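Visitor: Predicted structure and sequence below. I'll ask about it afterward.
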Amino acid sequence: MTRGHQLLPSRHPWRAGTRRRGARRAGGGVGARASLGLVVVALLAAGCGTVTSPLPDAGRPLPLTNASDATPSNPSTTSSPSPALDCGDPRVSLRPPAVMPAPGAMPAESFMAKIAERGYLIAGVLSDAPPFGAINTAAGQGDGEDEARFEGFDIDIAKEIAKAIFGPDGADEKHLKFRALVNSERIPVIQNNEADIVVATMTTNCPRRTQVDFSVPYYEAQAKVLVLKGSPYHGIEDLGGKKVCSAAGTTSLQHVADAASHPIPVGLPGDGDCLLALQNGDVEAISTDDTILVGMVQQDPRTEIVGGVLDTEPDAVAVSLDHPELTRFVNGVLARVVASGRWDQIAQTWLGDIDPPLKPPPSPPAALYRD
Amino acid sequence: MTSATAFPPTPVSATDRLIGPARGATAWLRARARTTPGLLRIVSVALVAAITLMWAAAFAAVVVRDHAVHAVSADAGPAFAAAQRLHADLSAADATIASAVLAGPVEPPEQRRAYDESIALAEGELRTLARAGGTAEAGDPLDTLHRQIPAYTGLIGQARANNRQGYVVGGAYLQKASQLMQQTILPAADSLAASSAEEVDDRYRRATSSVHVVLVSVAGVVSLAALAAVQVWLFRRTHRRLNLGLLLATACVLVIFAVTLGAFSAERARMLEGRDHGFVPMSEIAQARVLGLRAWGDESLSLIARGDGAALDADADAVAARLGYTPKGDPTGSGVLPAVTAYLSGEGFRGGDLAALWRSYQTTSWTVRSGVKDAGGFNGARELALVDGAAAFKRFDDAAEAALRTSQQRFDDRLSAAGDRLRGLEAVVIVLSVLAAAAVLAGIQPRINEYR
């Protein structure tokens, strides 16, 4: 920048140059110092500043959703009837037709005819409640077909209904499709027409009857007590002050709380959790319907069902209120199943191998009809 | 400087002694400064002191930085990586065993092996972390891990035994084990990783502290200014003769100044790269992987619960949202995976597009979940989860693992490069400081001798 001035013609180029240069330097001193300071600050900021290395937000763990605080995932198979709704005896159902239609010849316009036309019956069932409704993942293993199979008391009842519509091959996969349900889904699937029938150890009672229709009971579930074999308990009366488990939010838990012997009720999310607690010694007994207790005995032969009946819960097939003809049809099938002895076969298959045997032995509930 | 103290102190009055050593020292210095050789001795001592100050600042800064870089690359970094691997291995074990149990009473041998391997790896990581000692607050999570992992494997053992018999209570054991894993064990692994991460942060601050730069700069400017002032003074007094000793000392101090700051800057740049291309993506990819494993485990457990897994499904949805996807597999645009993908594509990583792989799994998982609710759909859904879902997840997991290894490697490389920038610097600083001090004395002593 000074060179430009030096090139200017001057009588004393050297002196003029130096003077100019000197003036420049003096004037530029403050600016240069300031800019030097700026450079130092910038250097410090850009090249010398302390580097921190905190965990980035995306590298931090996701807190748990409150999975454990969720509502009990497996509410009762029983229900809590509210006394306000009284429909008389909830076990009374529509009378079956005088003459049952033959398989493959469903009355025109009936819902059964629609099912037959569709080609398959949709049955909502439980899959975690052996021996009534369960998925046997072992069934297909070994023969090349890795296929899980639904099986149990409820499943066999559904198969009888399918056979009555489609004939002897009605129980195959083509004609009978299972929808695995959780307890809370049992009423909605009927109301939303996602299932034609629900056979899922479902207790018939008056509050539910306002939402769905029920067949006559096909099994009379009895609330009982399960203890470890060799324990000193022979019924709820021996369990005063002891911990007794039931699925949270069920009438079974209420029965435990109401028992005269004052056991300590322990509510766990699911029935399986209760069995786990019993096996681990966290509770002394489990109280719930024998439909569930029988399955527990099958899973753990070191347990046994003891004592008297705390309560009875009639299990029935749920059908939509819009299709009374299907309710009548199902009642006809159930009557035939009982009369032909098939009911005893089914009971023997699923409830026969309990040790000690159920007392009283399972028997078909009486069918009460209305018109 | 010893030559200066070799002269006996000038006698001081009794009052001076009474007033105190400070007053005495000042008086002594004044007395010395009255003669030129005395002044020269004081000047040489002051210069050596300035050089010593420069040395002390540079040396201390180098030692602190070197130590901190080493602590990151040898202790805190590996501990962080080990804690993350531990977390991933434990998540993998939990998700794998859930899938194995879902497959039926006879667990697929490869999944059983994968579970055993994951647990063995986790136990190995735990031993490494325990040997490393960790920080004081790491004691509790380590203790939790030591106690709870056996409890977990015990519950899994019961779940497998029951499952082998086809008993549904096996599912309850599996869920209890998984809850223990998700609610107790993994948070402990998380807090181990978090405390290692804090340590990394702390060491990073020390390894790049701007205080060091300021210290070295101040010491450098002070000693250079002192050297310059003395030289100007001597130049004027010695008939415009340059003092070679002092020039050499100035050069040495300049070199110390420049080399130290240059090395600090280069080291800082490597540390910065290590953070942006190593530590940050490493922690994000590790998080993406464990989130993925959690969602996969949730899916299996939900299927084992036969569709009775609303809480599990909700957890899987939360995980998907965190990763940056809706439950159906549509990208939401923000989350862990978009961040990771941006980094990976910037790095030219070729292990697979993590976001696309996750999306493929997520859509399969959604099909599975809706399939369970279809009439007759359970078997199909289970098949889909066991075959396509598991395969899609494995592709994601493998790619995530590869990406994780890449970023860990990058972190290690940059840190060792940062350490290299400081290597030998202490020796350079010592040698040049000694040289500078010697040059000062050698430069001034002849001037003192002129007065003899």
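Guide: Looks like it arrived, so ask away.
Visitor: Need the nearest residue in space to B:Ile256, chain neighbours excluded.
Guide: Of all residues not flanking B:Ile256 in the chain, B:Leu432 sits nearest, at 4.9 Å (CB to CB, 6 or more residues apart in numbering or on different chains). Placement of C-beta: from N, CA and C, glycine included.
Visitor: Do a quick rundown of the helices in the stretch 51-200 of chain A.
Guide: A:111-118, A:153-166, A:186-191 (DSSP state H, counting those that start in this stretch).
Visitor: can you pull the buried residues of the longest one?
Guide: To tie it back to what came earlier, the one meant is helix A:153-166. Neighbour counts over helix A:153-166 (16 or more other CB atoms under 10 Å in any protein chain shown) mark A:153-166 as buried.
Visitor: same check, this time on the shortest one
Guide: Within helix A:186-191, the residues scored as buried using 16+ other CB under 10 Å are A:186-187, A:189-190.
Visitor: Which member of those residues is positioned nearest A:Thr201?
Guide: A:Arg186 (9.4 Å; CB to CB).
Visitor: Just to check, the closest one is in contact with A:Ala318?
Guide: Yes. Here A:Arg186 reaches A:Ala318: they are 6.5 Å apart, a contact under CB atoms under 8 Å.
Visitor: Need the residues touching each of those two.
Guide: Residues within reach of A:Arg186 and of A:Ala318 at once, by CB atoms under 8 Å, 6 or more residues apart in numbering or on different chains, are A:124, A:198, A:200, A:202.
Visitor: In JSON lines: the residues you listed, plus pLDDT and neighbour count.
Guide: Shown next, in JSON lines, are the shared contacts of A:Arg186 and A:Ala318 (pLDDT from 0 to 100; neighbours: other CB atoms under 10 Å in any protein chain shown):
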{"residue": "A:Gly124", "pLDDT": "92", "neighbour count": "27"}
{"residue": "A:Val198", "pLDDT": "96", "neighbour count": "29"}
{"residue": "A:Ala200", "pLDDT": "92", "neighbour count": "28"}
{"residue": "A:Met202", "pLDDT": "90", "neighbour count": "28"}
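Visitor: List the residues that contact the residue in the stretch 1-150 of chain A positioned nearest to chain B.
Guide: Minimum separation of the stretch 1-150 of chain A from chain B (CB to the nearest CB) falls at A:Gly59, amounting to 3.0 Å. By CB under 8 Å, 6+ apart, A:Gly59 lies in contact with B:197, B:280, B:282-284, B:286-287.
Visitor: try 10 Å this time
Guide: Listed by CB atoms under 10 Å, 6 or more residues apart in numbering or on different chains, the contact set of A:Gly59 reads B:84, B:193-194, B:197, B:279-288, B:336, B:339-340.
Visitor: before we move on, which element is the residue lying closest to it once chain neighbours are set aside in?
Guide: Nearest non-adjacent residue to A:Gly59, counting by CB to CB, 6+ apart: B:Ser283, 3.0 Å away. If you go by DSSP states H and E, B:Ser283 is part of helix B:280-304.
Visitor: which among the shared contacts of A:Arg186 and A:Ala318 gets closest to chain B?
Guide: Taking the shared contacts of A:Arg186 and A:Ala318 together and measuring to chain B by CB to the nearest CB, the closest member is A:Gly124, at 8.5 Å.
Visitor: if I look at the closest one, how far off is A:Ile155?
Guide: 11 Å (CB to CB, to the nearest Å).
Visitor: what touches both of the two?
Guide: Common contacts of A:Gly124 and A:Ile155 (CB under 10 Å, 6+ apart): A:133, A:178, A:199.
Visitor: list the contacts for the last one?
Guide: This points to A:Val199. The neighbourhood of A:Val199, defined by CB under 10 Å, 6+ apart, consists of A:123-126, A:132-133, A:152-161, A:178, A:181, A:186, A:215, A:218, A:315-318, A:330.
Visitor: how about a cut-off of 7 Å?
Guide: Contact analysis of A:Val199 by CB atoms under 7 Å, 6 or more residues apart in numbering or on different chains lists A:123, A:125, A:154, A:157-158, A:317.
Visitor: Low-confidence ranges, the stretch 101-250 of chain A, go.
Guide: Applying pLDDT under 70 to the stretch 101-250 of chain A flags the ranges A:138-147.
Visitor: Close to chain B: what parts of it are there?
Guide: Counting by CB under 7 Å from any CB of the partner chain, the stretch 101-250 of chain A comes close to chain B at A:122, A:127-128, A:130, A:134-138, A:141, A:147-148, A:173, A:177-180, A:182, A:195.
Visitor: Please parse chain A into its domains.
Guide: A:93-219+A:315-370, A:224-308 (automatic domain parsing).
Visitor: out of these, which comes closest to B:Thr238?
Guide: When the domains of chain A are ranked by proximity to B:Thr238 (CB to CB), domain A:224-308 comes first, at 95.5 Å.
Visitor: what's the neighbour count on B:Glu347?
Guide: Taking other CB atoms under 10 Å in any protein chain shown as the criterion, the count of residues near B:Glu347 is 14.
Visitor: Chain neighbours aside, what residue packs nearest to it?
Guide: B:His277 (6.8 Å).
Visitor: I figured that neighbour hits B:Arg410, correct?
Guide: Yes. With contact defined as CB atoms under 7 Å, B:His277 reaches B:Arg410; the gap is 5.0 Å.
Visitor: Which residues of the stretch 151-300 of chain B lie near chain A?
Guide: So the stretch 151-300 of chain B meets chain A at B:162, B:166-169, B:171-173, B:176, B:179, B:182-183, B:190, B:194, B:197, B:200-201, B:204-205, B:208-210, B:213, B:264-265, B:268, B:271-272, B:275, B:279-280, B:283-284, B:287, B:291 (CB under 7 Å from any CB).
Visitor: For A:Ile286, give me phi and psi.
Guide: phi -120, psi 140 (degrees, to the nearest 10).
Visitor: Does it touch A:Gly272 like I think?
Guide: No. Using CB under 7 Å, A:Ile286 is not in contact with A:Gly272; the gap is 10.6 Å.
Visitor: Now do the strands in chain A.
Guide: Counting by DSSP state E, chain A has strands at residues A:93-94, A:121-126, A:128-129, A:133-136, A:149-151, A:176-181, A:197-199, A:213-228, A:243-247, A:264-268, A:285-289, A:303-319, A:369-370.
Visitor: So for the residue of the stretch 1-150 of chain A closest to chain B, what's the pLDDT?
Guide: A:Gly59 is assigned 83 on the pLDDT scale.
Visitor: Would you check how far apart it and B:Thr144 are?
Guide: For A:Gly59 relative to B:Thr144 (CB to CB), the value is 22 Å.
Visitor: in what helix or strand does the residue nearest the centre of chain B lie?
Guide: Taking CA atoms, centre = their mean, the centroid of chain B lies closest to B:Val200, which sits 3.4 Å from it. Secondary structure from DSSP H and E places B:Val200 in helix B:186-207.
Visitor: And the helix or strand just after that helix, how far out from the chain middle?
Guide: Next in sequence after helix B:186-207, counting helices and strands by DSSP H and E, comes helix B:210-237. Centroid separation between helix B:210-237 and its chain, computed with CA atoms, centre = their mean, to the nearest Å, is 36 Å.
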